[in-house]
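# Output the structure for:
(2 chains)
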Amino acid sequence: MLNDLLVAFQAVATLENFLIMAAGIWGGVIIGAIPGMTGTMAVTLALPFTFYMQPIPSILLLVALYKGSTYGGSVSAILIKTPGTASAACTTLDGYPLAQQGKAGKALNMALYSSCTGDFISNLSLIFIAAPLALLALRIGPPEYFMLMIFALTTVAGVSGRSLLLGLVSACLGLLLATVGEDMYGSFRFDLTMDMQSGLAVAPVLIGLFAIPELLKIIVFRNNQSHKPMQLGDNHVTRDELRRSLKAMLKGSMIGVVMGAIPGIGPSAAAFSSYGEAQRSSKNRENFGKGELEGIAASESANNGCCGSTMIPLLALGVPGDVITGVMLGAFMIHGMTPGPMLFENNLNEVYMLFIGMLFSSVLLFGAGKATMRFFSHISRIPPGLMAPIVLALCVFGIFSISNSMYDVIVLLAMGIFGFFMFLFAIPAAPFLIAFILGPMLEENLRRALALSRGDPSILVSSPITWLFASLAIFVVVVTIRQQLKKAKA
Amino acid sequence: MKLTFSLAAATLLAASTAYAQSYPSEPVTLVVPYGPGGASDLAGRALAESAREYLGQPVTVVNQAGAGGMTGARDVTQADPDGYTLLLARVGMALSPAVNENSSVDWDEYTFISPLEATPMILAVADDSPYESVEDLLEGIKNDPGAMSYAASGATAIDGFTVQSLLADVEMDPLTAATLIPYRGGGELATALLGGHVDFLAIAAASLMPHIESGDMRPLMVFSPERMETLPEVPTAEELGYELAGQVIGWSALYGPPDLPEDVMNTWAEVMEQVAEDEMWLSRADDRGSISTIGSVDMETYAQEQYEFYRALAEQFGYLE
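Numbers count the residues shown, from 1 in each chain, chains lettered A, B, ... in the order given. You can find the predicted model right below:
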């Protein structure tokens, strides 16, 4: 295998491939950093160009865009409290407070180090343990998915901020709104208008919930928090801080690898779970949500930790886990390669070239991140009065361009007003988003499981994997209740 | 390569100025009413690639997913009938209004430009399944009604009708004899069978071929007018004497908003004639496992037949009151 990898290395290490990947990563970072523009969009837009390219460079371009945008989401999460992609939502919780404390550079650096670490570990897992991970992913059926989602939902406790009760209220609202639209059996729910039959898309809800309320605050409160232009000053992550966050980073990468390998789960759920786990096990638990570097490390290592392993079901089984790998499947097929078990027999050389290229791209991500950071970090110096209209325009434009739909823009604005009221009642936004993203997976897999068992709920605890996730969920709930009781006594 | 294309486009543009303002004078948007990467998206992009050369203008693919394809379809029917917004129609555009009284667009609210391709469907079980033939499988279903499960995009989706029509052919209750487990999209459906979470399925060939080639799935029957070239041993539903199942098949077509002007129709008639023989179009169709049908049927008649066929099935199965 090593010999084959060396041959592939020679084939990939051309200037052309490097330029393509560098352009992809850089473009991805910028698109990811713009609120409303997502990695899915970047990959979809790039697809037509790959028709004219060689097969391997074209897949590498798509992978590079995906990786870049996954990191790029953290940039706007830290600097303007608006996650560029849903998977960076947890990065906002600690990143923006750090930026307000004048430590934007530090937060951006930590996000970059964690993203690259997660990315690299994810690539290694794709190269060396793809087969066992793919088999594990296949074992995850509806009951296992359901229990995994229950476990992921326990993160709500961690991101609720001061009041667990308000966090739960927020999560319930998220679950409720997730039911809008056509359900899996074809009946319509809350379809007040024809457009609502297709439900609420994640991007407008995400941006509406995080970006618009910030803008409304500036208008309504006339920006009375005296605003000093933020200093970049404290730029570097010290060795001590790095050592402290290492555990969260490695654990996050592992969570990213496993969740990325399971079709349909994706980087958002991984980032939420990793953040929850880091908070539970950290000594600095109290500091989470107020500007804790470990929080950024956990969330960013997990979302980029999905980038490599999300290719596992695609390459090893031929099944795309999400829209992005779906587009990649299309790119493979256009070039006459069919992902799946036969790919390793028919196109082994190409597969190795892809592996090597992906390892390179982790390094390129580091370079592109460093280079872009200098430029982006100046954004935090722009006064809010000037920033607000720019962000609003970007949001509206970005959301409209996803599917050329005015309906999405209306959802964006409505969610913005909704988010502003949530802010007035001190209801945290993060639990809402988590529940909104996990809700459909939770519901659909519960209904699938019960259909399979013909209504017998014991199917939900019928396999060792379900026991594992169920006990993890129970563990977290017990720990949370004990912490709450302690807090109440103190 | 791209330069050559733009040069070619520029030349054609220059040539067409002789007929002042003639169609098309700007890029044409092709709405694919499903997400990127799927079978319909690939079909749309292949058409866009092959048609641009003969049209003299680029064709831009826009994915507008939602409500089982009806969101994109509705937007196209409401667009200006100037020929610059067209729809990659699928069997769903005839199926949805047939099974859903409140469908946002009826089957005939379009201008029918041309059929594109037929996409065969395959009935398959996992490699370790005890069922070796369709009769075996149906026997198994009969022995314990409701115990066997199959994956499909929805009860009234085309890949649900494949199984239900087969069950109806052997006089079993199409809705309860086997349990439908809904999944979203070809990838999820195939995974459900690979992981052993469902017992069988009958979905688009393109999603299953890799797993059949690798030996992880066993094809029992194809839903196609003739046997597939890549699976010469697998019988068609028609050969096996399944009357309803023998008529179920997936397809794509090119539609436009109602009342497209004549010059647009003429231009596209010429373009499609050339695409029908375009090598890239034909080889891409092969790659997807589909059969080009350009020029083989009158699209309006075919769409009406399809609508009436599914309408009758929906009534028989009890989806309509």
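# going forward, measure contacts and count neighbours with C-alpha atoms only.
Noted.
# Give me the contacts around the longest strand seen in chain B.
The single longest strand within chain B, with elements called by DSSP state E, is strand B:111-119. For strand B:111-119, contacts defined as Cα atoms under 8 Å, 6 or more residues apart in numbering or on different chains pick out B:204-205, B:224, B:249-260, B:265, B:268-269, B:272, B:285, B:289-300.
# could you redo the last one with a cut-off of 6 Å?
For strand B:111-119, contacts defined as Cα atoms under 6 Å, 6 or more residues apart in numbering or on different chains pick out B:250-258, B:290-294, B:299-300.
# Same question for stretch B:248-255.
B:86-91, B:111-120, B:223.
# Without its sequence neighbours, what residue ends up closest to the residue nearest to the spatial centre of chain B?
In chain B, the C-alpha nearest the mean C-alpha coordinate belongs to B:Trp251, at 3.6 Å (Cα atoms, centre = their mean). Among residues not flanking B:Trp251 along the chain, B:Ala118 sits closest, at 4.3 Å (Cα to Cα, 6 or more residues apart in numbering or on different chains).
# burial of B:Thr176, as a residue count?
Using other Cα atoms under 10 Å in any protein chain shown, B:Thr176 has 14 neighbouring residues.
# Repeat that for A:Phe375.
9.
# Surely it is within a helix?
Yes: the assignment for A:Phe375 (DSSP: H, G, I helix; E, B strand; the rest coil) places it in a helix.
# Please tell me how far it sits from chain B.
Distance of A:Phe375 to chain B, given as Cα to the nearest Cα, to the nearest Å: 32 Å.
# can you pull the contacts of that residue?
Shown in contact with A:Phe375 (Cα under 6 Å, 6+ apart): no residues.
# residues contacting residue 181?
Reading this off chain A. By Cα under 6 Å, 6+ apart, the contact list for A:Gly181 reads A:188-189, A:196-199.
# Sorry, I should have been clearer: chain B.
Per Cα under 6 Å, 6+ apart, neighbours of B:Ile181: A:448, B:150-151.
# Quick check, B:Val32 in contact with B:Asn63.
Yes: with contacts defined as Cα atoms under 6 Å, B:Val32 counts as touching B:Asn63 at a distance of 4.8 Å.
# Compare these two and say which one has the larger neighbour count.
Higher neighbour count among B:Val32 and B:Asn63: B:Val32, with 26 against 23, using other Cα under 10 Å.
# what number of residues lie near A:Phe425?
Residues lying near A:Phe425 (other Cα under 10 Å) number 10.
# swap in A:Pro389?
If you count neighbours by other Cα under 10 Å, A:Pro389 ends up with 12.
# and the helix or strand it falls within, what does it pack onto?
A:Pro389 belongs to helix A:384-403 when elements are defined using DSSP states H and E. Helices and strands touching helix A:384-403, as assessed by 3 or more Cα pairs under 6 Å, 6 or more residues apart in numbering or on different chains; DSSP states H and E, are absent.
# I would like the residues contacting that helix, please.
Residues contacting helix A:384-403 (Cα under 6 Å, 6+ apart): A:35-37, A:215, A:409, B:64.
# Remind me which helix or strand the nearest residue to A:Met353 once chain neighbours are set aside belongs to.
Using Cα to Cα, 6+ apart and skipping the chain neighbours, the partner closest in space to A:Met353 is A:Ala8 (4.8 Å). In this structure, A:Ala8 sits in helix A:2-12 according to DSSP H and E.
# What's the first helix or strand after that helix?
helix A:15-33.
# ok, which residues in the stretch 51-200 of chain A are in contact with chain B?
A:138-139, A:185, A:198 (Cα under 6 Å from any Cα of the partner chain).
# Kindly recompute the last result at 8 Å.
With Cα under 8 Å from any Cα of the partner chain as the criterion, the stretch 51-200 of chain A meets chain B at residues A:52, A:138-142, A:182, A:184-186, A:194-195, A:197-198.
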